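Trainee: sequence and predicted structure below; questions after.
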Amino acid sequence: MPETVARVLHILLFIGATVILCVWQIELHQGVITPWDIWMEPLLAVIVGGTGLVMVRRPDLDARLRPIPVSAFNLYLIAALHLTLLESPGPEQWYQTLTTLYWVPLAYGCAFVFLTLPVALVVCSITASAIFVPMVLWWHQDQLPTWTWESGPLLVVIALSHAMYVLLLWAVVKLRDSHADASASAERMRTLAATDVLTGLPNRRSMLDTLHSTLDSSRRADLPLAIVLVDADHFKAVNDRHGHAVGDAVLIHLGALMRTHLRSSDTLARWGGEEFLICAPGTPQEAAREIAERVREAVASSPTPHGEPLTVSLGVAVCRDHDDVDSLLLRADRALYTAKSAGRDRVVLAAEQDLAAPGDTRTAPLFD
Ligand SMILES: Nc1nc2c(ncn2[C@@H]2O[C@H](COP(=O)(O)OP(=O)(O)OP(=O)(O)O)[C@@H](O)[C@H]2O)c(=O)[nH]1
């Protein structure tokens, strides 16, 4: 996102420099250019385009460079207007004043696009004051000789329209910021809703979404999908002996430890209580067994927060043709149950267990 913003600003600067050069050429050819614009317009184009170039080459300087084209543009307009009023008292003053004034809202816009809101407001106030205060004073003292009596009301109308531009820009920036805030807090809420508070891992709800989408994509790509249900052994005893807080610390340790032994493409979630679930896309049966064994060994051999040995039992299921998420989970759960019954601290594959006990109909409730 910040790169997109930077790219848009670079494009704006290059287009801005090109437009200034076009205006310079048109005014030169039509003979309506002022003596100062003969050099001020190309100088402005060089500053604007040059800043864009430096920004592209040195993105680290972006924030420091942003005020340069904005200040140059605003200062140019203030200078051009004052020079027009002081140095060009002929009939062309009217034309030159108005052509300068209609560029000023663009300078306000640049301030809001390139600078922070408070700085932009300060820049716009300075520009508007530097333009309108002397003009009104001169008009009031009848020092604008070629202007007719309509000049006064016209000045007021233009000043009001400029105030409206600034107000509108302020409103747009405020709306944009509040939209960005709302998007960020919606994103935060989405993350919170999908995260287990204790371990920071994806929670059951989020894992169910992952399972459904991974099953679909694995089917489409004709890739194997394995899941591993992991359950801490005798965890109740940890709580009973060391207290719930230590039990919590053990669960956090378990989640972090297992995460380090999985690929980045695998998802590890807290499935509930002392149960974790691994979703391993693109994993056939033997590889799934290896993952489960690796996790089991890592847990058994790592120091624990409560200073006692900790083991886990694991049930592995690889998706078959007719499996859906529920049946896959059920097979992993049965394999885990077998691992527990067989003495814990072991890995059981659903496929082996299906063969060994085809009549097993244990159907523990899997979903809340
Ligand atoms: N500290 C802590 N304990 C939890 C949490 N969630 C579940 N538990 C505890 O985990 C224990 C699970 O106990 P059991 O279901 O009997 O299982 P177990 O003692 O691990 O025995 P087996 O699974 O049969 O090896 C219970 O005492 C729960 O209170 C949690 O978030 N924090």
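Mentor: Right, received. Where do you want to start?
Trainee: ok, and I278, which helix or strand is that part of?
Mentor: Secondary structure assigned from DSSP states H and E places I278 in strand 275-281.
Trainee: so what touches that strand?
Mentor: Residues external to strand 275-281 that are found in contact with it (C-beta atoms under 8 Å, 6 or more residues apart in numbering): 201, 207, 210-211, 214, 217-218, 223, 225-232, 254-255, 258, 262-263, 265-271, 287-288, 291-292, 295, 332. Bear in mind the C-beta positions are built from the backbone N, C-alpha and C, glycine included.
Trainee: which of these come close to the ligand?
Mentor: 231-232 (C-beta under 6 Å from any ligand atom).
Trainee: can you give me how far the next helix or strand after the strand holding I278 is from the chain middle?
Mentor: Once the chain leaves strand 275-281, the next helix or strand it forms, by DSSP H and E, is helix 285-301. On the basis of C-alpha atoms, centre = their mean, to the nearest Å, helix 285-301 sits 36 Å off its chain's mean C-alpha point.
Trainee: would you mind measuring from Q93 to I26?
Mentor: Distance, Q93 to I26, using C-beta to C-beta, to the nearest Å: 20 Å.
Trainee: how about L349?
Mentor: Distance from L349 to I26, by C-beta to C-beta: 79 Å.
Trainee: and E187, what does it touch?
Mentor: Contacts for E187 (C-beta under 8 Å, 6+ apart) come out as none.
Trainee: and it, what element?
Mentor: Going by DSSP H and E, E187 is part of helix 151-193.
Trainee: now the next helix or strand after that helix against helix 151-193, angle please.
Mentor: For helix 151-193, the following helix or strand on the C-terminal side (DSSP H and E) is helix 204-221. Relative orientation of helix 204-221 versus helix 151-193 (axes from the mean of the first three to the mean of the last three C-alpha atoms, to 10 degrees): 90 degrees.
Trainee: give the buried residues for helix 204-221.
Mentor: 204, 206-208, 210-211, 214-215, 218 (16 or more other C-beta atoms under 10 Å).
Trainee: follow-up on the earlier one: more neighbours, Q93 and I26?
Mentor: Shown here are Q93 and I26; by other C-beta atoms under 10 Å, Q93 has more neighbours (18 against 11).
Trainee: show me the contacts for the residue of the stretch 51-200 of the chain found nearest the ligand.
Mentor: Here the residue of the stretch 51-200 of the chain nearest the ligand is L198; by C-beta to the nearest ligand atom that distance is 5.5 Å. Taking C-beta under 8 Å, 6+ apart, we find L198 in contact with 248, 251-252, 270.
Trainee: many thanks, I have nothing further to ask.
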